[in-house]
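>>> Structure of the sequence below:
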Amino acid sequence: KRFFQIYLLADDPILNLADGYIFLSFYSFKKYKLANKLHLDGAIYPNKKSYNLKNNLKKNNKTIFFYSGSMHKWGGVKLLIDTMKYIKRNDLELWISGPGDSKFVQKAAKIDNRIKFHGLLTDDQLKNLYQRADVFLNPRPIKMPGNEFNFPSKLFDYLAWNKPIISTFTKSLSPEYKNILHIIKDNPKAFAKAMNLFIIKKKINQKIDELFLKNKSWKNQAQRLIFFINKIIKKNRLKHK
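Here you go, the predicted model:
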């Protein structure tokens, strides 16, 4: 029996010749001129609201902006901390959660009581915050080396809740996300402007397409993967007859 090699790639380089390639990053997908390749960045889990969790986070009529992700430099958390210096109003809170070295976030939270650090959460605790948030934030630095390969998987968590998402646009994202997200530049002033605008108007420039959400279901993405694998197998069998 012949075994087929299909590589799942998150970044460079492509070392060996395989029968097929699956790219998480749109940048890498476009970069390599290969016959059998598929761009598959992930899918959206359907959200399930948690009604049994303790109601211990009262919003007090403040607009909640939420970042969920790692504290490393690729995530862009420092950008959000700097953003708060440009926002002079008190009718908002910036919630931050995730793994990694959070000393700089905790320090900022002590200085600015609008910043709330929630640490590393369980799935239920995180779901609770998703439920309460008004706007999600994805501040990945555009020119940070490595972010062209690094797809921000938290976008799928955000999209499941059908709420506004303020985001930068890194090379790892495919063009289909340009209307789905409210795209801005990766600097604190741009984020401050977008956040202020949402507080005032209660909406931002974002069109969440129901067809996009449907196509990004795990069922549909799994079918794309199965079709891709079957196509490679069929093509190779015909070649070796």
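>>> buried residues in stretch 23-40?
Residues of stretch 23-40 classed as buried: 23, 24, 25, 26, 27, 28, 29, 37, 38, 39, 40 (neighbour count, 16 or more other C-beta atoms under 10 Å). Yep, even glycine has a C-beta here, placed from its N, CA and C like the rest.
>>> contact partners of that stretch?
Residues outside stretch 23-40 that contact it (C-beta atoms under 8 Å, 6 or more residues apart in numbering) are 8-12, 14, 19-22, 41-42, 148-151, 171-175, 221, 224-225, 228, 231-232, 235.
>>> now do the same end-to-end measure for that stretch.
From its first residue to its last, stretch 23-40 covers 6 Å (C-alpha to C-alpha, to the nearest Å).
>>> how far is the helix or strand hosting residue 65 from where the chain is centred?
Secondary structure assignment for residue 65, by DSSP states H and E: strand 63-68. Relative to its parent chain, strand 63-68 has a centroid offset of 13 Å by C-alpha atoms, centre = their mean, to the nearest Å.
>>> same check, this time on stretch 35-51
Distance of stretch 35-51 from the chain centroid (C-alpha atoms, centre = their mean) equals 11 Å.
>>> Kindly report the same for stretch 204-212.
Stretch 204-212 sits 15 Å away from the centroid of its parent chain (C-alpha atoms, centre = their mean).
>>> Can you name every helix or strand that the lengthiest helix in the chain contacts?
Longest helix of the chain, by residue count under DSSP state H: helix 218-239. Helix 218-239 is packed against strand 20-23, strand 37-39, with contacts defined by 3 or more C-beta pairs under 8 Å, 6 or more residues apart in numbering; DSSP states H and E.
>>> how about the ones you listed in CSV, adding mean pLDDT and distance to residue 93?
Converted to CSV, the helices and strands packed on helix 218-239 look like this (pLDDT from 0 to 100; distance: least, C-beta to C-beta, whole Å):
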stretch, mean pLDDT, distance to residue 93
strand 20-23, 94, 37
strand 37-39, 95, 36
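>>> Which one of the ones you listed lies nearest to residue 239?
Checking the helices and strands packed on helix 218-239 against residue 239 by C-beta to C-beta gives strand 20-23 as the closest, at 13.4 Å.
>>> quick check: mean pLDDT across the strand holding residue 65?
Averaged over strand 63-68, pLDDT sits at 97.
>>> That strand pairs with which strands, and in what direction?
Strand pairing for strand 63-68, using DSSP bridges, gives strand 92-97 (parallel), strand 135-138 (parallel).
>>> C-terminal to that strand, which secondary structure element comes first?
Counting by DSSP H and E, what follows strand 63-68 is helix 77-83.
>>> Average pLDDT for that next one, rounded please.
Mean predicted confidence for helix 77-83 is 97.
>>> cool, stretch 106-123 as well?
For stretch 106-123, mean pLDDT is 95.
>>> Low-confidence ranges, the protein, go.
1, 10, 48-59, 240-241 (pLDDT under 70).
>>> Recalculate using a threshold of 50.
For the chain, the stretches with pLDDT under 50 are 51.
>>> could you pull out the helices for it?
Under DSSP H, the chain gives helices at 26-31, 77-83, 103-111, 123-132, 154-159, 188-201, 210-215, 218-239.
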